[in-house]
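Enquirer: The following block contains a protein sequence and its predicted model.
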Amino acid sequence: MAVTHMPSIAYLSTATPSGHEEGPSTNFYYDDNEPCRKTDVKEIAAKLLPPLYSLVFIFGFLGNLLVVLTLINCKKLKSMSDIYLLNLAISDLLFLLTLPFWAHYAADEWVLGDAMCKLFTGLYHIGYFGGIFFIILLTIDRYLAIVHAVFALKARTVTFGVVTSIVTWVVVILASLPGIIFTKSYEEDFRFFCGPHFPVGWKNFHTVMRSILGLVLPLLVMTICYSGILKTLLRSRNEKKRTKAVRLIFIIMIMYFLFWTPYNLVLLLNTFQEFFELSNCSSTKQLDQAMQVTETLGMTHCCINPIIYAFVGEKFRRYLSGFFRKHIAKNLCKQCPIFYRDTADRASSTYTPSTGEQDVSAGL
């Protein structure tokens, strides 16, 4: 008898809108008509995911909020890099806003109805694709600034950054639509679930699209851009300064691959189980566990970018220190004159024609 599929989110209650199966069912039936029960996977998810999602939400939300406030109040969004970094932080914040609801769903059941199921699934996908596309734009921005420096002086403007960001958000929403349309809330065995119900064709299309946009496209852009950047740096007399300007974006891109590649690979295996001969009970259990672990790993990526800025971006630490002194510490200690010094405005900066903007490690 053929396998009866179901959304992994519905059965496991892993509370992530990533299941790519069609139609609800509490059991999988195989050729011997024996049910494949996976209650152990669900129980593990119910215990581990809520506290983990809560920690990711707290640290990720605070970190990305600080990035947004620092870029707006201290950097004043003076370059195209700043615009892209701001949008990257906003993408992470949209993604993070869904985590408290997935945490509750993992521990219990979906209680918010169909409209909110689609809304939070939409924010999940929009945040995910937005993060990918703005990392790609930051990589292209570095490539133009270093490899085509003369052209970059005219092209890399704040206005162009705003226009390309608007276009990018439109593309992000279009890429997210299948995940929104084919997600719904439903009741089964006296419990409510929120999960995707893709027809077979759409399920395969969505997985392939996500793999192309989440793996192939970023890898292609990174290979082309950093190959050109490396050749330019090797010919440059000012190699050290230019390397510093590239380092931040390169690390952001590498960390994205480290956190999200395992999930995208497992997603391919899970979607095309029969092709890879993984449609037996033990294999599907292992795939469910792998989906659970790798997607959770990917979701923690929202916390990583602010940490990278803090450790790699020297200017970001200065701006953050100035923001803390001006807006937080000064209000906490109004009688302390030291906090009235706006160190952010005094941070040194060097305009370099080679990058077309202040040499601040791509804005931070």
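Expert: The structure has been received and is ready for your questions.
Enquirer: just how off-centre is whichever helix or strand residue 66 is part of within its chain?
Expert: Using DSSP states H and E, the element containing residue 66 is helix 39-70. Distance of helix 39-70 from its chain centroid, counting by Cα atoms, centre = their mean, to the nearest Å, is 13 Å.
Enquirer: Report the rounded mean pLDDT for that helix.
Expert: Taken as a whole, helix 39-70 has an average pLDDT of 87.
Enquirer: what's it packed up against?
Expert: helix 8-12, helix 80-97, helix 99-107, helix 281-299, helix 304-312, helix 314-323 (3 or more Cβ pairs under 8 Å, 6 or more residues apart in numbering; DSSP states H and E). In this view, the C-beta of every residue, glycine as well, is placed from N, C-alpha and C.
Enquirer: Please identify the buried residues of that helix?
Expert: 41-42, 45-46, 49-50, 52-53, 56-57, 59-61, 63-64, 66-68, 70 (16 or more other Cβ atoms under 10 Å).
Enquirer: next one: stretch 142-153 to chain centre, how far?
Expert: That offset, for stretch 142-153, works out to 26 Å (Cα atoms, centre = their mean).
Enquirer: Likewise for stretch 303-319?
Expert: Here stretch 303-319 shows a centroid-to-chain-centroid distance of 17 Å under the convention Cα atoms, centre = their mean.
Enquirer: Quick check: end-to-end length of that stretch?
Expert: In stretch 303-319, first residue to last residue: 19 Å (Cα to Cα, to the nearest Å).
Enquirer: Give me the buried positions along it.
Expert: 303-306, 308-309, 312-313, 315-319.
Enquirer: wait, which of those is closest to residue 137?
Expert: Nearest to residue 137 among these is residue 305, at 14.1 Å by Cβ to Cβ.
Enquirer: Enumerate every residue touching the closest one.
Expert: Residues near residue 305 by Cβ atoms under 8 Å, 6 or more residues apart in numbering: 63, 64, 67, 88, 89, 92, 252, 255.
Enquirer: Run a quick neighbour tally on the fourth one.
Expert: Residue 88 is flanked by 22 other residues according to other Cβ atoms under 10 Å.
Enquirer: From residue 274, how far off is it?
Expert: In this view, residue 88 and residue 274 are 38 Å apart by Cβ to Cβ, to the nearest Å.
Enquirer: How about residue 80?
Expert: In terms of Cβ to Cβ, residue 80 sits 46 Å off from residue 274.
Enquirer: Quick check: which element contains residue 170?
Expert: Following DSSP H and E, one finds residue 170 within helix 158-181.
Enquirer: Now do that helix: which elements does it pack against?
Expert: helix 80-97, helix 113-147, helix 200-211.
Enquirer: Name the residues that touch it?
Expert: Against helix 158-181 from outside (Cβ under 8 Å, 6+ apart): 17, 77-84, 87, 91, 118, 121-122, 124-126, 129-130, 133-134, 137, 196, 198, 202, 205-206, 209, 213.
Enquirer: For residue 140, which non-adjacent residue is closest in space?
Expert: The shortest distance from residue 140 to any non-neighbouring residue, by Cβ to Cβ, 6 or more residues apart in numbering, is to residue 225 (6.2 Å).
Enquirer: count of residues packed around that neighbour?
Expert: 23.
Enquirer: Which strand or helix spans it?
Expert: If you go by DSSP H and E, residue 225 is part of helix 217-235.
Enquirer: what are the phi and psi angles of residue 194?
Expert: With angles defined as degrees, to the nearest 10, residue 194 sits at phi -130, psi 120.
Enquirer: That one contacts residue 188, doesn't it?
Expert: No - counting by Cβ atoms under 8 Å, residue 194 stays clear of residue 188, with 11.6 Å between them.
Enquirer: Among these two, which residue is more densely surrounded?
Expert: residue 194 (29 against 13).
Enquirer: Who is that one paired with across the strands?
Expert: Beta-bridge partners recorded for residue 194 (DSSP bridges): residue 185.
Enquirer: returning to that earlier point: got the helices and strands packed on helix 158-181 as CSV, with mean pLDDT columns?
Expert: Output for the helices and strands packed on helix 158-181, formatted as CSV (pLDDT from 0 to 100):
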stretch, mean pLDDT
helix 80-97, 94
helix 113-147, 94
helix 200-211, 91
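Enquirer: looking at those, which is buried most?
Expert: Among the helices and strands packed on helix 158-181, helix 80-97 has the highest mean neighbour count (mean count of other Cβ atoms under 10 Å), at a mean of 24.
Enquirer: Could I have the CA atoms of that helix written out in CSV?
Expert: Extracted in CSV, the C-alpha atoms of helix 80-97 (Å, rounded to 0.1, in the frame of the first residue of the first chain):
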residue,chain,number,x,y,z
MET,A,80,23.6,51.8,0.2
SER,A,81,25.3,49.2,2.5
ASP,A,82,23.4,50.7,5.5
ILE,A,83,20.1,50.4,3.6
TYR,A,84,20.7,46.7,2.9
LEU,A,85,21.9,46.0,6.5
LEU,A,86,18.8,47.7,7.8
ASN,A,87,16.6,45.5,5.6
LEU,A,88,18.5,42.4,6.6
ALA,A,89,17.9,43.2,10.3
ILE,A,90,14.2,43.8,9.5
SER,A,91,14.0,40.4,7.8
ASP,A,92,15.4,38.7,10.9
LEU,A,93,12.9,40.6,13.1
LEU,A,94,10.0,39.5,11.0
PHE,A,95,11.2,35.9,11.2
LEU,A,96,11.8,36.2,15.0
LEU,A,97,8.2,37.5,15.6
